[in-house]
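Engineer: Please work out how this folds:
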Amino acid sequence: MVLTLALGFLGHPGLLRAQQNQLPQDCVAVIHAPSLKGAVTKVSNLVSQVSPMFGQMVPMLVPKVIGAQSLNGIDMAGEFNAVILNPKRYGSKNVVRIVSLADAQMALQSFGLGAQPEGKQGVANVFAQLDQARWLAATPEQKKNIEQFIRKRLYVAVVGNKALVADSLEACTSTAAMLEAETLNCAAACGTKGDICANVNIKGLMQIYGEDIDRELAPFKRGLRQAAQAAQAQQPDMNPEAMSKMLDSYVNAVVAIVKQLDALELGLALDNDGIRLRAGLAASPESDVANFLRQQAPGGGDVLKMIPSDSFIAASARFKNTQELKDALRGFMEDILNCAPGAMTPDQRTTAIESTEEWMDILTGEVGMGLILAGDGENTGLTLVEVFSVTDAAKAHKLILKQFDQSAIFMSFYRNVAGLDMELAVTENAATHQDVSITEVAILFDPAKVPQKTRDMMRKIYGDPMIVRIAATGKYMIITFGQDSLARMKQTIEFVKAGGGSGLPTQPEFVSATKGFPASTNLLVFVNPKEVVNFVKGMMPPMAGPGAQGAQPELAIAGGIGAYALAKGNRLEGELYISQELIDSLKTIVMGQMGGGMPMPPGRQPAGPPAPR
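Structural biologist: As a prediction, this is how the structure comes out:
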C-alpha cells in the first residue's frame, strides 16, 4: 500500500523541475545478440520444450529475419543487431539488420544481389537486388539509372566484416555512416546483458514525439474534465474545476517523469536454469528521478521472515522516506481535498494533512506483504497480511485509526458517486494475543445497494463480514484482511515478536523463484503459480456434464516466478525470473495433454491387465 502511494506521489508536480531539451538522435532503439547462432539455438531449445515441432522451425526462420535467401557467407557465430531509426524521417522502412560476415561475396549472393551501384549518393559498398536479365542486356548509358533495374527494394551495405540490410537506401547508408564514424556501438548500448538484448532510447523518442504526445493528450484531458463535470451532477458539492485540475496535473507529471528518463535496457537470458528477463532504466543524471534513485538504499528483506510461509504471492519493499516524497504526499492530499471542499470542515482538512505527514514521518521504509489462500476447497478465499516497519508502533496504530476515521468521512461523502453505501465500524481492543491489542475495522455495505452476485463473490473471497485487523508491536505494524485474518494476525504477531521465523525465504518454491538474486534489493516479488492456479480453480463454478464426475486432477506445477528491483545511482535495475522447475513442469503438463496423458472420461479408460483368477 505504502509503496504504491510512494510511486504515485513521485509523479506529483512538486517533485519536478524543468529539463533542458537536447537534439533527437536518429537511432531510437537497438536489438543485439552477441551470437546469432547462440540466440537461435537457445530460442529453439526453449520453444522445443513446449512444442518440438515449432522448436525445429525456429532456425528455418533466420534467413527470412535477416532478409537473405540462404545463410551462405553469414558468420552465425558472430553478433546480430537490428537498428530502429527515427520513424518520422525514415517512415515504415526504418529497420536496419546487421549481420556478421564470414565471406562477403558468398553473403552478397545469399542476399540475391546483382551489380554494385557505384557512387550511389556518394556511398560505396552499397548493393541492391537487381533484375539480372534486364541488367545484363542494358547499355552502359542505361545502367547509369540503376533505380529502374532494382527488382526488390533491398539494400546491403558492407562495413568491415558486417553487412547492413535494409529496405530503404537512406536508412542503410545512414546506419553505415554511424558505424564507420563509430558513433553507434550496439553491443555497448545494450548494457543489460543477455542472449538477446535491447536498448530503447527514451530520450530520443520523447524528443521526436514530445509535441505529438502533448497534442494527443488534449482530447484525453477534455475527457477528464467532462468526467469531473458528470461526477458533479451526481454530487453537487464536488468541485469539477479542482478535480480536472488535479487529474490534468498528474497526467502532465507522468509525461514529465518519462521525459527525465534516458533509456530502457532489456536483456533476455535463456540459460539452463530458467528464463531471466533483465531490465535497466536510466534517468538523466541531473533529473529529479535520478536524485530520488540515488537516495534509495537497498535492504535485506528481513520483513519477509514475518510473512506467512504459505503465501502464494509475497513482496517486500524498501525505500527512503525523502523530504521530496513527503512534500509530494502533502500536495497529493491537498489536491484530493480540493476536489471535494464540502467533504470536510477546515479543521478536519488540517487534521487529515497533518496525520498523513505524521504517518510518513514514522515509516522507516520497509514493507512486507503476503497473499494467502484461505478457506476449504468449496470456499476458496484470500487473506492479505502486511507488515510495516515504524519508529513508534503505538503511534502508528493511533494514526492509522485516525486515517480510517477520515476515510469514513470521505466514504460518506462519495457514496452517491460510487453507487455503494459503505460504512466503517471500528472496534478497538477487539481481541488480544501475547499481550498485543488487536483492533477490528468492519466494512459494512447496504445490502439493498449491492447486487447479490457481488455480495456473494466478496463474501467468498474475503469472508463475511469483511474485517480489517490492525495491531502494533515492537517496531512493526501489522494489518490483515480476509477470511482467516484473525488467525493470520495472531500468527504474524508471533513472528514479529520472535524477530522472524515464518520460514518463507526457505520454502522450496521461494528459493527456486529467487535463484541468483542479490541479497539486498529495493523490491522483491515472489509468485507461486501452483497456488495461483488453485485459487482460480476455486473461484470457478463447478463443472457440469458427464466428464465432470469426481475430483479434478491437481496439476503438478513446481517452481516459481520471482522479480526484483534495485536502485544503483541514477539507474533502476531489475530482473524477472521464471525457474527451470516451473518450465519443466509446464512442459510435462503440455506434453501430457498433447500425448493423451490427461485422465480419460469415465467409461473410456483403457483396459488394464486381466484380473488374477
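Engineer: Give the other helices and strands that the helix or strand hosting residue 170 contacts.
Structural biologist: Assigned by DSSP states H and E, residue 170 falls within helix 169-180. Secondary-structure packing of helix 169-180 (3 or more CB pairs under 8 Å, 6 or more residues apart in numbering; DSSP states H and E): strand 80-85, helix 87-90, strand 95-100, strand 126-130, strand 150-159, strand 162-166. The way it works is simple: take the backbone N, C-alpha and C, and place the C-beta from them, glycine included.
Engineer: For the next helix or strand after it, buried residues please.
Structural biologist: Reading on from helix 169-180 to the C-terminus, the next helix or strand found by DSSP H and E is helix 186-189. Buried residues in helix 186-189, counted by 16 or more other CB atoms under 10 Å: 186, 189.
Engineer: Check the model's average confidence along helix 186-189 for me.
Structural biologist: The pLDDT scores in helix 186-189 average 86.
Engineer: Which helix or strand lies directly C-terminal to it?
Structural biologist: That would be, after helix 186-189 and using DSSP H and E, strand 196-200.
Engineer: returning to that earlier point: nearest approach to residue 276 belongs to which of the helices and strands packed on helix 169-180?
Structural biologist: Residue 276 lies closest to strand 80-85 among those, at 19.8 Å (CB to CB).
Engineer: What is the distance between the closest one and the centre of its chain?
Structural biologist: Here strand 80-85 is found 24 Å from its chain centre; the criterion is CA atoms, centre = their mean, to the nearest Å.
Engineer: next one: stretch 391-406
Structural biologist: 32 Å.
Engineer: Contacts for it, please.
Structural biologist: 344, 348, 351-352, 355-356, 358-359, 361-362, 364, 388, 390, 424, 426, 428, 439, 441, 470-477, 479 (CB atoms under 8 Å, 6 or more residues apart in numbering).
Engineer: Let's see that with 7 Å instead.
Structural biologist: 352, 355, 358-359, 362, 364, 390, 424, 426, 439, 441, 470, 472-477 (CB atoms under 7 Å, 6 or more residues apart in numbering).
Engineer: as a whole number, average confidence for that stretch?
Structural biologist: On average, stretch 391-406 scores 80.
Engineer: and it, which residues are buried?
Structural biologist: Neighbour-count burial for stretch 391-406, counted by 16+ other CB under 10 Å, picks out 393, 395-397, 399-402, 406.
Engineer: Next: stretch 315-329.
Structural biologist: 315-319, 321-322, 324-329.
Engineer: Go through the residues you listed and flag which are in helices.
Structural biologist: Those of the buried residues of stretch 315-329 mapping onto helices are 324-329, per DSSP state H.
Engineer: Make JSON lines from the residues you listed and add pLDDT and distance to residue 455 to it.
Structural biologist: Supplementary listing: these in JSON lines, determined by pLDDT from 0 to 100; distance: CB to CB, whole Å:
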{"residue": "324", "pLDDT": "77", "distance to residue 455": "43"}
{"residue": "325", "pLDDT": "78", "distance to residue 455": "38"}
{"residue": "326", "pLDDT": "79", "distance to residue 455": "39"}
{"residue": "327", "pLDDT": "80", "distance to residue 455": "41"}
{"residue": "328", "pLDDT": "78", "distance to residue 455": "37"}
{"residue": "329", "pLDDT": "77", "distance to residue 455": "34"}
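Engineer: picking up where we left off before, in JSON lines, list the buried residues of stretch 391-406 along with secondary structure.
Structural biologist: Shown next, in JSON lines, are the buried residues of stretch 391-406 (DSSP: H, G, I helix; E, B strand; the rest coil):
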{"residue": "393", "secondary structure": "helix"}
{"residue": "395", "secondary structure": "helix"}
{"residue": "396", "secondary structure": "helix"}
{"residue": "397", "secondary structure": "helix"}
{"residue": "399", "secondary structure": "helix"}
{"residue": "400", "secondary structure": "helix"}
{"residue": "401", "secondary structure": "helix"}
{"residue": "402", "secondary structure": "helix"}
{"residue": "406", "secondary structure": "helix"}
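Engineer: which of those lies closest to residue 499?
Structural biologist: Residue 499 has its nearest neighbour among those in residue 393, at 14.4 Å by CB to CB.
Engineer: Counting neighbours, what do you get for the nearest residue to residue 571 once chain neighbours are set aside?
Structural biologist: In this structure, residue 571 finds its nearest non-sequential neighbour in residue 282, 5.0 Å apart by CB to CB, 6 or more residues apart in numbering. Using other CB atoms under 10 Å, residue 282 has 23 neighbouring residues.
Engineer: Tell me the secondary structure at residue 282.
Structural biologist: Looking at residue 282 with three-state DSSP, the answer is strand.
Engineer: Show me the beta-bridge partners of it.
Structural biologist: Applying DSSP bridges to residue 282 gives these bridge partners: residue 263, residue 571.
Engineer: Could you measure from the residue nearest to residue 437 when sequence neighbours are not counted over to residue 397?
Structural biologist: Nearest in space to residue 437, with sequence neighbours left out and distances taken as CB to CB, 6+ apart, is residue 429 at 5.1 Å. Per CB to CB, to the nearest Å, residue 429 is found 11 Å from residue 397.
Engineer: repeat for residue 466
Structural biologist: 20 Å.
Engineer: Check residue 168 too.
Structural biologist: Taking CB to CB, one finds residue 168 at 65 Å from residue 397.
Engineer: same thing with residue 291?
Structural biologist: For residue 291 relative to residue 397 (CB to CB), the value is 33 Å.
Engineer: Residue 430 belongs to a strand?
Structural biologist: Yes - counting by three-state DSSP, residue 430 falls inside a strand.
Engineer: show me what contacts it?
Structural biologist: Residues in contact with residue 430 (CB under 7 Å, 6+ apart) are 438-440.
Engineer: what ranges of the stretch 351-500 of the chain fall below the confidence cut-off?
Structural biologist: 375-380, 406-422, 449 (pLDDT under 70).
Engineer: Apply 80 and report the result again.
Structural biologist: 352, 355-356, 359, 364, 373-381, 401-424, 444-465 (pLDDT under 80).
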